[in-house]
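Chemist: sequence first, then the predicted structure:
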Amino acid sequence: MNEQDKEMFKSFAFAQVSVSNQIYEHLSQPECFLFCPTQYCASRAIPDVRNSEYLNTIGEKLAPGIDIFWTGPKVISRIISVESIEEISEVLHRPPVIWDNLHANDYDQKRLFLGPYSGRVPELIPKLRGVITNPNCEYGANFVAIHSLAQWSRCKIDGKKFLDAESESADIRLEKDVASSRATSTITLYGDEGADDRDEVYIPRRALKRSVIEWLSEFRRSKSMWGPITKPQPSGMSPISLSSFTPNQTKEGQNQDELSYKSPPAMELKPIDSSDTVEVHFRSPADSPHSAEELPSSKSSGILGPATPLSLVSQGSLEGMDVNSGPVSPAQKDEPMQEPDVVSFMAVEEETAKESRLKSIPEVDTGPVDSTRSIPSPPYISNQMITDLPPSNSEFEITVEDIFLLCDLFYLPFEHGTEGLKLLQEFSWLKQNSHLLNEGHKGKGASSPSREVREWHDRASRFDEMSRALNRLFTRLTYINNRELLYDLYPYVWDMRGVVSLLNAYVKWLGFNKSSNESFVTGEEEPWVFRGGLATDLQRLLPIESNSDLFLHKSPDVVTRQVYTIRPYLPSEEQAVYNLCNKMWKDSGNPDITEQYPELLGDKMIGPFVTLSPEFCFVVEDNSSIVGYAVAALDGANLWKKSMIAWAPEMQRKYNLPVSEVEHKTIIEDIIKEMHQPQQTSPVEMRGSFSSPIHVSLLNSVCDQSVPKRLVTCVIAALRGHGSSGCYVELKKSDLPAIEFYCRLGFNEISGLDTENTTYFGRHF
């Protein structure tokens, strides 16, 4: 306060009371008049709630008809107890109005909260003036938050107290009920069978179940949406080129530094034709929700034991959001207290009208497109709307089971849903027990795997099925009629699907390779650098150092249904990968040399890797074919030595050295000559910290710019899992997008190794 205000008011609390009371009187004492105190939660009360001079002044001096907001013990409270409300009510001389931030996500735009209202017993209701929920920034994502709060407001008894301590818990019974009633809209709710008293009992999972069944009709409601997906997200990457090896070659009449063929261009993301399933809409950026700056998260204990540190699942895991400890930093100024939806205990109406099940999915998004508007978007975005829709019967229609999975993956700030926990637990077990694949085969024939090995593969299959279920959810979500809801949910589901797909690729790699060093299971990764709820908890289980750049992906600006799968390379796929090398060569505008030598490019680009180091090779496939690959070796010097002994002689016998008097040889002659005159030393043999070479390439048609990043992440995880200390990549100096891409992954230029056209970048693990 300034000096004049200090003379007029004893304290800041007296100033607030005076102004508020005057406005209240000026408005003729309206029935609803709400006041938000500066100390709006127990953690902000100085020194504590009962002894806070500020709160006691507000309680004594503020007009009795003015209601006061309270968020509970914290800004975001896991539990609000009856005792805590009785205490603040005594201090404020009135029951508070709870401003509930349980479902608020404006402090972390990688999180969404679709779990039920929880941590507040119904016995609170008569001790409160009401509850205001401050939910997710995405409007359509708040159905469960509001619907379950409405159910809670009608109850009188906490389900935990109602159930006998020896009986099976309500949540377990509900999970069994869901499992036995897959994907139906007529599931019998636990406690609904003619027992009216059960309706007075609040059980969060039952509330979730009821909410999901009601929410299903919203997915099928026809609503249009326009414009790119404008959810705040990381700044976009430039289209990247992960080009294949191409030899130096000059033409007659050209300078020595010019090439007689075109080097692979930057990955042009071309317009998608009508066969691709992409929704393109346009709307004003002002229509998108605006969210606060992120607040720092904190280190937390895990739910899987010390060896598996996970975030945001323990009692104190959101301490970082409680900004009362120490000065308020700039990132803490914005808190999740914006534009709430109100549920009054005196006037709660639950929507009972249900839409009939749609027999078909009609065309949507049929409004005109204003092509004159300037919409920032990737170059592959077409201005033509796609209206292809699935059969009406169908496997593409979203179900109750899908929505349950969706809610479990994006549950609550302090806990993950059932399916989310299964993902964490299964992957953690598979990673920590991968050594069983080696031990189980010691002293036994390959045809008789041990019980431990069979268990590992069984659990790997279960994890694969969970990944497939998420893929189904992702695909079905893109077909829903409610495009407004799709735009709200799509970025989150897209990111989660990518993370789980990456982990599934790593699990398959562990299974193929029968072993992985346990040295990476150190628990040294700093949990506080990770954000993003379940997706980030899953990412942290990979053997990757705590560098969030590896997991920072910009979601697409438009909806696409294309799913790319990363998995280990199989020896039987050698011809398919060779054919891919040929296609990339021709797509880059180079002359076709495949008729005369169909395997020459593959032998030169990736042959040594897939032959001598197949265990560190991966492929990317779409729904029908392989569209990219990543090849690597654990030890580049060792690969080079093996190549000199086994690979180079074989290639020299396969391809005869051409004899030509022409000064400027053909491309074929140049490639074959290099095979007969291989490099005599490994380029980084003396750089022990960069021991592992990698090479990545994808078709230009791969529009999802997160795919190459996830592919490189998978390769790095595999290399580090076997003790590699760093990797390196060979790049053309002219390939600036690829250089920028690898730099963002933590690669730095290795000095002293440059040639006229080539440079080397490395990354320490």
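Modeler: Yep, that arrived. What you are looking at is a predicted structure, and each value in this text was computed from that prediction instead of being measured.
Chemist: what distance separates the opening and closing residues of stretch 50-66?
Modeler: Across stretch 50-66, the terminal residues are separated by 20 Å (CA to CA, to the nearest Å).
Chemist: swap that for stretch 89-105, sorry
Modeler: By CA to CA, the extent of stretch 89-105 from end to end equals 28 Å.
Chemist: go through that stretch and flag the buried ones.
Modeler: Within stretch 89-105, the residues that count as buried by 16 or more other CB atoms under 10 Å are 89, 91-92, 94-105. Glycine gets a C-beta too; all of them are placed from N, C-alpha and C.
Chemist: hey, which helix or strand in this protein has the poorest pLDDT?
Modeler: Using mean pLDDT, DSSP states H and E, strand 278-279 stands out as the lowest-scoring helix or strand of the chain, at a mean of 29.
Chemist: helix/strand/coil for residue 563?
Modeler: Per DSSP: H, G, I helix; E, B strand; the rest coil, the local secondary structure of residue 563 is coil.
Chemist: what packs against the lengthiest helix in the chain?
Modeler: When the chain is parsed with DSSP state H, its longest helix is helix 483-513. Using 3 or more CB pairs under 8 Å, 6 or more residues apart in numbering; DSSP states H and E as the contact test, the elements touching helix 483-513 are helix 400-409, helix 418-432, helix 436-439, helix 451-478, helix 534-540, strand 559-560, strand 565-568, helix 706-721.
Chemist: now tabulate those in JSON lines and tack on mean neighbour count, mean pLDDT and distance to residue 12.
Modeler: Formatted as JSON lines, these follow (neighbours: other CB atoms under 10 Å; pLDDT from 0 to 100; distance: least, CB to CB, whole Å):
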{"stretch": "helix 400-409", "mean neighbour count": "23", "mean pLDDT": "96", "distance to residue 12": "42"}
{"stretch": "helix 418-432", "mean neighbour count": "20", "mean pLDDT": "93", "distance to residue 12": "43"}
{"stretch": "helix 436-439", "mean neighbour count": "17", "mean pLDDT": "76", "distance to residue 12": "63"}
{"stretch": "helix 451-478", "mean neighbour count": "17", "mean pLDDT": "94", "distance to residue 12": "49"}
{"stretch": "helix 534-540", "mean neighbour count": "24", "mean pLDDT": "81", "distance to residue 12": "39"}
{"stretch": "strand 559-560", "mean neighbour count": "22", "mean pLDDT": "84", "distance to residue 12": "49"}
{"stretch": "strand 565-568", "mean neighbour count": "21", "mean pLDDT": "92", "distance to residue 12": "57"}
{"stretch": "helix 706-721", "mean neighbour count": "24", "mean pLDDT": "87", "distance to residue 12": "49"}
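Chemist: need those in TSV with distance to residue 495, can you?
Modeler: Shown next, in TSV, are these (distance: least, CB to CB, whole Å):
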stretch	distance to residue 495
helix 400-409	10
helix 418-432	14
helix 436-439	30
helix 451-478	10
helix 534-540	6
strand 559-560	14
strand 565-568	15
helix 706-721	8
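Chemist: out of those, nearest to residue 59?
Modeler: For residue 59, the closest of these is helix 400-409, at 38.9 Å, according to CB to CB.
Chemist: got the CA coordinates for that closest one in PDB?
Modeler: The C-alpha trace of helix 400-409 is given here as PDB (Å, rounded to 0.1, in the frame of the first residue of the first chain):
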ATOM      1  CA  VAL A 400     -17.200 -47.000 -23.500                       C
ATOM      2  CA  GLU A 401     -14.100 -49.100 -23.200                       C
ATOM      3  CA  ASP A 402     -12.100 -46.600 -25.200                       C
ATOM      4  CA  ILE A 403     -13.300 -43.700 -23.100                       C
ATOM      5  CA  PHE A 404     -12.400 -45.600 -19.900                       C
ATOM      6  CA  LEU A 405      -8.900 -46.100 -21.300                       C
ATOM      7  CA  LEU A 406      -8.700 -42.400 -22.200                       C
ATOM      8  CA  CYS A 407      -9.700 -41.400 -18.600                       C
ATOM      9  CA  ASP A 408      -7.200 -43.800 -17.100                       C
ATOM     10  CA  LEU A 409      -4.400 -42.400 -19.100                       C
END
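Chemist: tell me which of the helices and strands packed on helix 483-513 sits nearest to residue 746.
Modeler: Smallest distance to residue 746 across the helices and strands packed on helix 483-513 (CB to CB): 9.2 Å, for helix 706-721.
Chemist: just checking, what packs against the closest one?
Modeler: Helices and strands touching helix 706-721, by 3+ CB pairs under 8 Å, 6+ apart, are helix 483-513, strand 565-568, strand 618-621, strand 626-632, strand 692-698, strand 726-732, helix 736-744.
Chemist: what is the neighbour count of residue 749?
Modeler: 15 (other CB atoms under 10 Å).
Chemist: so the nearest residue to it once chain neighbours are set aside versus residue 620, what's the distance?
Modeler: Spatial nearest neighbour of residue 749, excluding adjacent residues (CB to CB, 6 or more residues apart in numbering): residue 761 at 5.5 Å. Separation of residue 761 from residue 620 (CB to CB, to the nearest Å) stands at 21 Å.
Chemist: ok, now residue 215?
Modeler: Residue 215 is 34 Å from residue 620, by CB to CB.
Chemist: for those two, indicate the residue with more neighbours.
Modeler: Neighbours per residue (other CB under 10 Å) separate residue 215 from residue 620, with residue 620 holding more: 26 against 20.
Chemist: is that one bridged to anything, and to what?
Modeler: Here residue 620 shows beta-bridge partners residue 566, residue 628, assigned using DSSP bridges.
Chemist: contacting residues around it?
Modeler: By CB atoms under 8 Å, 6 or more residues apart in numbering, the residues touching residue 620 are 564-566, 626-630, 698, 702, 707, 711.
Chemist: ok, now how distant is residue 61 from residue 46?
Modeler: From residue 61 to residue 46 the distance is 18 Å (CB to CB).
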